[in-house]
Structures are given as C-alpha cells and as structure tokens.
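Colleague: Predicted model follows, preceded by the sequence.
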There are 4 protein chains.
Amino acid sequence: MAGSTFGTQFKITTWGESHGAALGVVIDGCPAGLPVCEEEIQRYLNRRKPGQSRYATPRKEEDRVQILSGVFEGQTTGTPISLLVFNENQRSRDYGEIAGYYRPGHADYSFDAKYGFRDYRGGGRSSGRETIGRVAAGAVAAKLLSQLGISILAYSKAIGPIVAEDTSGVTPEQVRSNPLCMPDDEKARQAREYLDQCMKEQNSAGGIIECRITGVPAGIGEPVFEKLDANLAKAMCSVGAVKGFEIGDGFQAAASTGLTNNDGFYYDEQGKVRKYTNHAGGILGGISDGSTLLFRTAFKPTPSISAPQKTVRKDGGSIEVSIKGRHDPIIVPRAVVVVEAMAALTLADLMLVHLGARMEHLKKIYGPDFG
Amino acid sequence: MAGSTFGTQFKITTWGESHGAALGVVIDGCPAGLPVCEEEIQRYLNRRKPGQSRYATPRKEEDRVQILSGVFEGQTTGTPISLLVFNENQRSRDYGEIAGYYRPGHADYSFDAKYGFRDYRGGGRSSGRETIGRVAAGAVAAKLLSQLGISILAYSKAIGPIVAEDTSGVTPEQVRSNPLCMPDDEKARQAREYLDQCMKEQNSAGGIIECRITGVPAGIGEPVFEKLDANLAKAMCSVGAVKGFEIGDGFQAAASTGLTNNDGFYYDEQGKVRKYTNHAGGILGGISDGSTLLFRTAFKPTPSISAPQKTVRKDGGSIEVSIKGRHDPIIVPRAVVVVEAMAALTLADLMLVHLGARMEHLKKIYGPDFG
Amino acid sequence: MAGSTFGTQFKITTWGESHGAALGVVIDGCPAGLPVCEEEIQRYLNRRKPGQSRYATPRKEEDRVQILSGVFEGQTTGTPISLLVFNENQRSRDYGEIAGYYRPGHADYSFDAKYGFRDYRGGGRSSGRETIGRVAAGAVAAKLLSQLGISILAYSKAIGPIVAEDTSGVTPEQVRSNPLCMPDDEKARQAREYLDQCMKEQNSAGGIIECRITGVPAGIGEPVFEKLDANLAKAMCSVGAVKGFEIGDGFQAAASTGLTNNDGFYYDEQGKVRKYTNHAGGILGGISDGSTLLFRTAFKPTPSISAPQKTVRKDGGSIEVSIKGRHDPIIVPRAVVVVEAMAALTLADLMLVHLGARMEHLKKIYGPDFG
Amino acid sequence: MAGSTFGTQFKITTWGESHGAALGVVIDGCPAGLPVCEEEIQRYLNRRKPGQSRYATPRKEEDRVQILSGVFEGQTTGTPISLLVFNENQRSRDYGEIAGYYRPGHADYSFDAKYGFRDYRGGGRSSGRETIGRVAAGAVAAKLLSQLGISILAYSKAIGPIVAEDTSGVTPEQVRSNPLCMPDDEKARQAREYLDQCMKEQNSAGGIIECRITGVPAGIGEPVFEKLDANLAKAMCSVGAVKGFEIGDGFQAAASTGLTNNDGFYYDEQGKVRKYTNHAGGILGGISDGSTLLFRTAFKPTPSISAPQKTVRKDGGSIEVSIKGRHDPIIVPRAVVVVEAMAALTLADLMLVHLGARMEHLKKIYGPDFG
C-alpha cells in the first residue's frame, strides 16, 4: 500500500533507505505564497543530525537538503515541493553481516515476513534515517504554522527513569541549552550519568518527549475518526521506536474523577472562552479548544546494543550476536525535532481541512472580489 | 472533511446523532462470501447497550440493527453493507437546557467554535451513541478475522485507580463474568466499591482497557506512516474520552533498557520464528511479528456529572451547572466492545492491504485458474 | 475496495441494491450552515423517477427521500448527512429467471467473475437505481453551488442519431418543456418518432447529454492528476451506460489546428480576463478559466431489450433470451439529472479543495477575528 | 490539495517543473519481488523524448533516469521507488518574455488565477515535461502487468483529420515502424504531408490515440465510482491537452441500438465465457469482462504556435504574440507512451485492489502455509 504518504491536504510522501543513493520527501498541497528556503529546512535537519554529542552515534552525516521543485523566487508555488538528501557516508560493510540474522528489537524479521526479503543495509527503510523526509517536510509545515501565529516546542520529558518534573514554563532556550534537550539542569545532569552507565554496560536507554503547541485557534480537528488527537496519535506512533502516546493528563486521567478532570470554562477580558485548567491537553471531542496542545510520546530504548543477545539466523539455527557499528545509546534527543515535525505536519493538514467547515468560509473566499 | 470514514480497503463511514432519527454505518470493501447476519451484529451492539448494570445509564435503548444492503442469501456480496439503528428513546427535553451553555469536559464549545452552531441534543455527533456504527461494523470485521483464525479480547485493566495486575491468561469467560468486564474478581469487587463511592459523590470515574489479539500472522502493517501500531493508535484515540494509547510495554518501555526491552528470537518446534518475551506487544517496525498483539487505551472519567461545576453561557456570563439526565458513572465497561470493534476494523483493513505486498501473492491469485 | 465513495472533501458514499430494503447515501464534509430540506432533494429525485412519459419504464417508484442525520433546524451541521430511500416496489419474481444466465450488455457476467456470485435481482448494485444516492447527494451539492452563484444545466444533446444542433442559448425552461429534455422542438419530435420505432422493434436507443455550468470562478481544479476535467471525466464515466466524455470541442479538437482551437484572451469592461471563444470548454491546464464549463457524455442504448438475443447460461450452454420486465427504451432523459448531480458533486468537492491553495486564504480565514 | 498523486494501492506522486532542477516520481505500493532496472524505465522515457523526428521539438533532452530507492539487488523491495531525471537543457531565457502575458491555449492564466502567481518558465508544472514522472512510473507498472500476461499497445489512430481506419490487428512493430506511431503506411504518409503543411503555416495539429490492452482477466474494476473505465477516463483526461475519452464504441454507441450494441456471450472451447463482438471495449458495469480493453483519447493541437495570436498582458492591455522557442507541431506521437503509461498505472492499481474482493482470496493468501 501507499504507506509512505501522510496527510490529506498538506500531504507528504517520503522515500529512501538508510544505505540507498538518497532519501527525500515530496510535499503536495502546500499553499502557494509561503516563503521557504533551504537554510530553514537545513536548520531542522541539523537538529536530528548525529554526532552532536557523545550520546549520539559518531557517524558523520552532513544531510544537506536540496529543494528540487515547487519553490520559485523564494516562495512556494502551490505545486509539489521535492526535497532530497544524498546519502554520503554509506559504510555498507558494517552491515553485511546482519543480512543473515534477525536483530532483536529491530524490524528485520517482520520485513522478511512481509516481503519475502529485505534491504538489510542499516535497516533499509526501517532505519532512523527514514525520519529525514519527515523533518524536512515538517520544517515547511512549521513555517506555515508560524505565519498563523502557532509555535511548537518539544523536549525530553524523561531520559530512562529520570523525569523532568515541572515543564509548564519551558522555553526554547532551555531546551537547546543542553545536548539532551531536557529543560531541567539537575535532571539533565542525572540523565547524563544514567546514560554514561548504560554505555559502559553496552546497553541503551529510552525516554519520553513532551510537546506543547501554542496559538492554535479553537475549531481544528474533525469529529469522529479524524480527531486532532487521533491524528497526532497516529503521527507519533508512526515514528520508529515509539510505544505510546497520551494527550493532556493521558493515562493519569484514567485514575482521576470527572470533578477533577473536567476543565471549567470562563470568559477572559477579551471575551474569549478560556479554561481554568487544561487536563484535556487542548482538545475536546477531537477538536482544539483554543488552549495549549500538550501531549507526550514514549520511546523505547535503542535496540542496537553491543551487549550480547540471543537470536536466530535467517536460515535456521540460534546464535548470540553483538551489534557492532556506530549506534545511538539513546535516540530521544535527536527525536525531539521529529516529534515537532510530525506535530506540525498533522496540524497544518487539519488547518487546511478546516477551511471547508463552514459556508461562511466559502463565501469569504469566493466573495465578489474572487478570481 | 470526510472525518467520518475509517480505513482504506475495509472502509467504514458512520453517521448519526444522539437524538436524530437514526444512526448507522456503511461498510465498503468487505470481501464477498463472508457469512453475516443481523443476530451476530446485534450481539456486539448488545454489549455496548446501556442499562445492563447499575454502573451504566438507566436509559433504555434497544438499538436493533437492520442490514439494508450488501448481504444476499446470508453472505456479503462485495458491495456496501448498510447497517442502521433507529433512535427510539429520544428525550430531547432532558437536553434542551444545555443548548445555552458549554458543559465542561464535553465538545459543546469546540463544536460551536468549529461550525458556528451545533446540534445540542444529547451531544449530537459527539455523543457516545456515535460508537453504534463502529461496533456494528466492527462485528463484521471481527467475523472476517475469525475466519482467518484471529481472536480479539478486550477487558477492563483498570477502573479508576484499581488495577487488575496479572492479565496474561485472561479468558472471554472471565471478562463476561462481571458487569465491569474486569478479569480479576477481587479487583472487580474493589472497583465496584470505588464506583459506588463516586456515584454517591455525584462524581464519575475513568479507566484503562487492555486488548489482546491472537492468531495474527507476521507481516501485517506497512512501514513508515501506515504502521499497524500507528493505525491502532489512531483507531483508539478516535474514540470519545480516550486520552492515551500504548503498545506492549508502552510508557514503561521508556524507562527500560535495550537489554531488557529487546525480545530475543528462537525457532519453535514447527520451525516458526518466535520470541522469548513480548515487550514489543507483537509489532516490530510497525509490522506484526506473529506474537500476540497487546495494547492499552486510557479513558477519562465521564464528563457528565451532577456535582456542580463552573462554566459559561454561550452568549456570555458564568454559571454553575449540574448535569442532569441519565448518565454513565463510568463508560469503560461499555467501551470494551468499542475497543474490540476498532481493533477488528484496523486489522481487517491492513490485512486486505497486505494482500498486495508481494508479486507472489498476485501470481497466486491471478494464476492460470483465475477468472 | 471502497468503490462506493466519491470526492475528497465533499465526500459521498452510496449504498443499496435495486431490490434490497433501501438505497441511500452519506454525505460527509458538507460545510455547516447550508439550508437543506427534504423537498429540495425530492425535486431532484423526481426528475430521475420513472413513469413520467411513455419513453420510460412504467414501474412505479415513489422514491421518497428521508434525511436521517446532519441537518438540524433546517441547516447542515457539518456532520454526515444520511439520506435514505426505501425500495417499495420490488417485484423480484420478474428477475428470478435471470439468475441463471448472463444478459448481454449487462454486468451479470463481470460481477460473477469478480465476486464468485451476485445479487441477481434487478441488477443488484449495477442497477440504474444505484443513481438514487448520487442524485440525492447531488441536490445538496447543487444547493451549495447555487449559494456561490453557480448554475448547472444538462439536457439531451442527441437521442440516437437525432442531434439538437445549436444548444448555445439553452434555458432550463426549454429543457423541462419536453419529456426527452431536448431543447429543440423539431429535433425532439423526430426523436420521439425514432424512439417509437425502436420500441416497436423491441429495441432501445442511446444518446448524448450535454452540460453547461455557469458562474464558476477561475482557479478551480488542481494541476496534474486532479484536474477539473479529469474529475468530471471520472464522475461521468462512473455512471452506468456511459461510454464517452468530452470537454469543450472534445474529439473535434483532435482534427482542428492550434490557430483555430486556441482561445484568445481579452479584458472585459470590468477588467476581468475573458476569452473570445471557448473551444477549451472553460478549463485550461485542468483549472477553470472563468468561462462556461461545457462537456458532453455519451450513453449507450439500454441493454435490456425484449428482442431475442444469444447468450449463455451461467452453468454452461447457450440460450436465446428475451428480457422481460419493465424497462426504459432509453435512459438518457432520466439520466440528465444524474449528469447534473455528478457535475455538482465534482465541482463542490474541488471548490472546497481550492480553499487551501493560497496562504492568503488561510490568513483570511484564520485572521485576528477567528475563533 | 494533493493533486500530484494517482492511484490508491499502486500509488504514484509526481513532482517537478519544466525548468526546475529535476523532475521525478515516487511509486509507493509496488509489490516486492518485481525485477526492475534503469534500462527498462529508460526505454519508456526514450519513447517520449523529443528530437526523434522533425515532427517533434528539436530541444535536446537526454532525460536519464536514476533509481534512488526501493530497488535492491535488482528487485523491488516493497518500499517506495524514487525515480529522478535532472533537467539539463534549461534555456530559461526563451521563456522570460512569457512571464508578462497569457499564452492562448496554455494554463498561464488559470495558474495565476489559482495561485496568485506562477513559475512561468516553460509552463512550469503544466509543461509536457510533467509526463516524465508518469512515464517512468508507468514503465514499472507495465513490467508488473507483463508478469501477469498483460500487454498494452497504444498508437496514433488519427493525426489531425487523417484517420487510420482498420486498427484491429495492429502490432507493436507497425506502431514503431514510423515516427508518427500510425499503424497504416498510406495514412501515415498523408499525415506527414498534413503536418508539413501545418508547420509551413506556423500552425499545429491534434489527433487521437487508441489503446488496446490484452490479457486482462475478467473481474478487474469496482462497481459504482471506481469503475475501470471511470479510472481510465480520469487517467487519460489528466494528461495535458486531452479533451476527450471513449471506451469501446464510445460516442458511436450513443447513435446505435441495444440490439446492435449488446455483445452476446458464448463459451469457447476451453469453457471460458467469450463475447461475439466487443462494442463494450472489454468492460461491463465498470468491471473487465475478459476481452480486449479498447479506448481512445483525443488530444488538442499543440497550443504553442508561432503564428500571431491575440492575447492580454498580465498587468493589463492587449497584445499580439508569436510563441517562439522549440515546440512540437504535434504532441500525439510522443504522447503514445504517456497513454500506455497511464493505462498501466490504472490497471495495476485496480488489480491490486481486486485482491481483496473475495474471502477465498484471503484464505488462499493467509492459508496454513502463510507467514
């Protein structure tokens, strides 16, 4: 199936394998007249680039993006935007050995079960490099949203068992101030210690990314199947290594009561409807309510570890393996920008969709001055 | 947008409001030759019907389903199956009052913000009655899966703060044996006490539903955006009141390590690839790995409570409200079948999609005997 | 597959068989705030109703439509609109006999080849009654378009070999003035003679329907695959019995030259860009150019004829058959409203899609007054 | 909208402008295990390459295709196949002048009306070069079909007013034997004379392409909106310059009678259901009937002509223009492979879709040996 396409109006299609010639994305449905340049997209890609701290793989990947279509004289034209990153540092020899067995925690076996064989080089299509297309497209979506006054900020809420408790007032500067993107200096220090220990034991760690989106108008998201939170859930759980998603109080809400969990309404000084609290995470009935969108995404520990593990050979027989190569002891800090990108793509899409929600929108656009 | 459609190959479209003339669903893409009858569908609908215990609304809703198309001489024909349930017990007068204000925890405000006005009777399209179409269609999807040897079992993992600990060996009989669908007698007793207390306080409770799917072959789900878990996440988070989704160890995986969380492979006596553990919940890289699918969904407490709450009038001004009417103190037991239905729909759809994954499938179907 | 859904933003799903309990359609994505009532929809359905002249089947089908959801206090709510027509006059005994053989020109054989069996009663899903859902939904789409100043007018351009030559100034009154919907009195008279002769010979006739749409702003339709004309082509060719589609000069353009076929531009007194001619039929590069949309659709002769024909039995062996029952000697006059309905659905959908074409549209809708 | 995507299961997304850096296509949903190489795709692209006769533009475009993903060790992997062609011969200076006015017969005005501005270089996204992605993807679809015994052959049925009458027995050799792809030597000679005259007059010509597809099993195509012919109609009318589509007898069927137009059935020696005639063009009720698919597509004359034409400046005022640059006097011969490509893409997609039509297909694939 067309499993590589995301979105309905702001639609992206990603392609590319870890060790193929290139990776990329086609954005179809971006409105015309949005200023876009390679530098802005590159800034997003640089945030997922490896080698920026000792808690990330030392592989050197420049990941230079090129805009091949859809932008003319600095603006989007309304036609598909093709973004491409050549793979430059393909050490396939590191991976040749893994062709013959199934790495625990990886998709080697399930790909073989699905397709009968697989591109085994570096995980092929199931590699983390697959997110390059998501992030490049997400940069464009985030630019669109910024023009409508919407900001997205994700950060490490937890690294392994270390949790940053109060993250309600987090700023972009705090997030960017440490290589773990954890906006709590003391907890970030503990997290580094925890990761050092994991690495010493040839082990790896997981974590939780939290994301806040401000400036979202009320009314975004569709009732029933295309709820804003349902689409965010799919967007996040489509990222490799994600094992859970929650919005607002999430799983905690299950243990709460109606009296506590319901957010009462009031009118602010401008006469806007506001809520006293935000247990809902900014969404009611699948539709944004005008308050901050708040959700969390759980990432499992990196499956590639050099500690020995039991597994099987593709052609029969058990073996013990130790995954060599240059792997991230934790992917959470590099995944922060992936979460932001997927959130931007989801929201941009549903904001385009919402344009058709009312006859008065049509009359406003197709009014007497149209065309 | 077309927010009322779910699925790509096994596609359903639901319609209907709480207090309109009827509710229903159209299933398009169900393969021809599946035996289906109204009784089987009714059994599913009866499981979500209210009035089955004192922990559910005493409203009387018969919810008799009719098959209007797509089934001929007891079998699906391959054309759309239209299922309809007339609304029989519409006490709109209970709801007339709520037209003027925004109930906390409900979608009243966000619907108004989206559309400019709303059908305020009983929540309209955002009512829990919207799930009737999901459950009716899910019964057909579950029938399809059962013919391929696949079974789905959901149950209450938690009611408020009361958690059923070991649910690894749960049976359908255990689930059906108590009105809370909680497969742990002692915990179910505690949960009833907890709910009695909530009701006494005019308050409400939430909970967690866990779901196990057995018999799923390896290879189902698409890489990247159409992962099996991503689609399950969307399916579950599209259900009203759901605030979180997790697969396998879920949020716990975030605090684990690679060495613990990776599931090692072995060959069983039949030469099939198996895993020693199932932290992954049956999915690797978005594709089923042949082990049990296991996921959990968090439901918030019922927002309709009769305890007084602060909110605003639609046309300005604050008020204190007490939601009257016949409401569920907890929706989790009635939502168990909704979770099963959405799981069945998701899996049936992706199993149809997977048919096109290999050239050898095409050659098998379009072989010399074809047509 | 979900072959019963049409459209992406203004999306309809039809269901129902000729001799099942009912037929219907779900419209999902209709903007909120459109005044809609059963009477308006019924007027459209009445135009396709049989029994209105001796050139149509004498079957009596009332085809009363009911709105089951999505309309509240006379306006669309933005949620799915379910429209239903019960089948009242099901004389299945007329059709029992045809279960055993394949009628020439019908879909009996191809349905069996596809699904392994079929609902043989009256053509089942391939019956002309399938268009009831299209017409009911088309009435709503046409209402939406009328609020934006757009009018659709279809009529019989040809009945068999009789062609109404100059149809450039045709009015709705002319079309409605004769039972053949042919806006040329002399040609309509000849067509009646021709049909009388066909009926005498137990034979049937085809024809061509032409359609004009005025008031369409420039800019509607998407480049490449979702061109306005490509979508109209699909919409028309999805109607049973249609064998061809052409826009503007159509097949005649193939024999023309660039100098003749190109439509030169000029500015009118209001400063709007206009064209001296309209060989293009109102579409350039798949996008409306602000002039009248003009297209034609070719219908084959009704396949059900009582003259004897050679065919085969399902279970082997040749036979000669004579199709009994109450059939239309020509379907073109009843199909005029089907063409209008499909045109309205196509255009409404692409007008919703176009809302997202420019950043300035988003800024207009999501401006400071939003939400 | 996402107007650059075609297909649902075998899904392609094209991108690129005439004078941008590159053009390309992503194929998502191609089954794993199909042998594919660049040479095969290049052969298709070479057939649309200009400069092969004096009836095509003398522009030199090598149009070398690269496979960037989705193929591993000579076979498709099931993941997206990205195909790219760099633009090498961009003489933007030829086009700078046209930025200021609207060329008759081109999409200059309608693009401006849609997006507010346009990439004016060589038509941008509305250029004929947009078909490169279609043809490259079509080569892969045609390869898939060939493995199932299906062959597609398109050719020039008419060049301007010159029509090749009997094309029932046409062979690939005949089509390739002359630069106009017209399988009738005498008519091809007349067509050349006609084109010579057009070129002398600085004028251009249109034509009709006919296409035959053999080996298609009965049962392909979905009832109602996703009919095989409806999808072919959309596929063909989505190609620039196409003004009409007809299947089987097409517009001629409108003037025929049921007795003539119905194709009677018989059993052949192998016991297969066959038809005495094929007025239907191989499709009944939107579903293939096992006979040859036969359809025609009408192309308008090339709009770019150097004879003087009246038009307007973008910023007001009328002018007379003469389109310079290197243009095709007729695009029909180069469009033959485009028609084949779009037909292959349509059919491959619907053949994947059909896999889910019957429960017995699922049981065959998910049988005891599965996974």
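Modeller: Everything's here; your move.

Colleague: Contacts only, for residue A:308.
Modeller: A:320, A:321, A:322 (C-beta atoms under 8 Å, 6 or more residues apart in numbering or on different chains). For every residue, glycine as well, the C-beta is placed using N, CA and C.

Colleague: In the residues you listed, which residue is surrounded by the most others?
Modeller: For the contacts of residue A:308, neighbours were counted using other C-beta atoms under 10 Å in any protein chain shown, and residue A:321 has the most, 20 neighbours in all.

Colleague: Residues of the stretch 51-200 of chain A that sit close to chain B?
Modeller: Applying C-beta under 8 Å from any C-beta of the partner chain, we find that the stretch 51-200 of chain A lies next to chain B at A:102, A:104-107, A:109-111, A:113-116, A:125-126, A:130, A:158, A:160-161, A:198.

Colleague: Give me the subset of the residues you listed lying in helices.
Modeller: The members of those that map onto helices under DSSP state H are A:109, A:110, A:111, A:113, A:114, A:115, A:198.

Colleague: Give me the nearest residue to the first one, chain neighbours excluded.
Modeller: The reference is to residue A:109. Closest residue to residue A:109 apart from its sequence neighbours, by C-beta to C-beta, 6 or more residues apart in numbering or on different chains: residue A:102 at 4.2 Å.

Colleague: Look at the one you found and say how many residues are nearby.
Modeller: Residue crowding around residue A:102 was assessed by other C-beta under 10 Å; the count is 26.

Colleague: Check whether it really touches residue A:309, as I assumed.
Modeller: No - using C-beta atoms under 8 Å, residue A:102 makes no contact with residue A:309, being 10.6 Å away.

Colleague: For residue A:56, grab phi and psi.
Modeller: With angles defined as degrees, to the nearest 10, residue A:56 sits at phi -130, psi 160.

Colleague: contacting residues for it?
Modeller: Applying C-beta under 8 Å, 6+ apart, the residues near residue A:56 are A:50, A:328, A:333, A:334.

Colleague: Return the residues of the stretch 51-200 of chain A in contact with chain D.
Modeller: Proximity of the stretch 51-200 of chain A to chain D, by C-beta under 8 Å from any C-beta, involves residues A:66-70, A:72, A:75, A:77-82, A:84, A:113-119, A:124-125.

Colleague: Tell me which of the residues you listed fall in strands.
Modeller: If you go by DSSP state E, those have A:66, A:67, A:72, A:75, A:81, A:82, A:84 in strands.

Colleague: Most neighbours among those, please name it.
Modeller: residue A:82 (32 neighbours).

Colleague: Just list the residues touching the closest residue to residue A:76 other than its chain neighbours, thanks.
Modeller: Nearest non-adjacent residue to residue A:76, counting by C-beta to C-beta, 6+ apart: residue A:34, 4.4 Å away. Residue A:34 makes contact with A:75, A:76, A:140, A:143, A:144, A:147, C:359, according to C-beta under 8 Å, 6+ apart.

Colleague: picking up where we left off before, identify the farthest-apart pair in the ones in strands among the residues of the stretch 51-200 of chain A next to chain D.
Modeller: Largest separation among those by C-beta to C-beta: A:75 and A:84, giving 19.6 Å.

Colleague: restrict the residues of the stretch 51-200 of chain A next to chain D to contacts with chain C.
Modeller: Near chain C, by the rule C-beta under 8 Å from any C-beta, you find A:78, A:79 out of these.

Colleague: for the residue nearest to residue A:76, phi and psi?
Modeller: Dihedral angles for residue A:34 - degrees, to the nearest 10 - are phi -100, psi 120.

Colleague: Could I get the pLDDT score of it?
Modeller: With respect to pLDDT, residue A:34 scores 98.

Colleague: And for residue A:35, the neighbour number?
Modeller: Quick note: residue A:35 (other C-beta under 10 Å) scores 13 neighbours.

Colleague: what's the answer for the one 3 residues further on, then?
Modeller: For residue A:38, the number of neighbouring residues by other C-beta under 10 Å comes to 16.

Colleague: list the contacts for it?
Modeller: For residue A:38, the contact set (C-beta under 8 Å, 6+ apart) comprises A:65, A:66, A:67.

Colleague: distance of it from residue C:224?
Modeller: Note on residue A:38: its distance to residue C:224, by C-beta to C-beta, to the nearest Å, is 24 Å.
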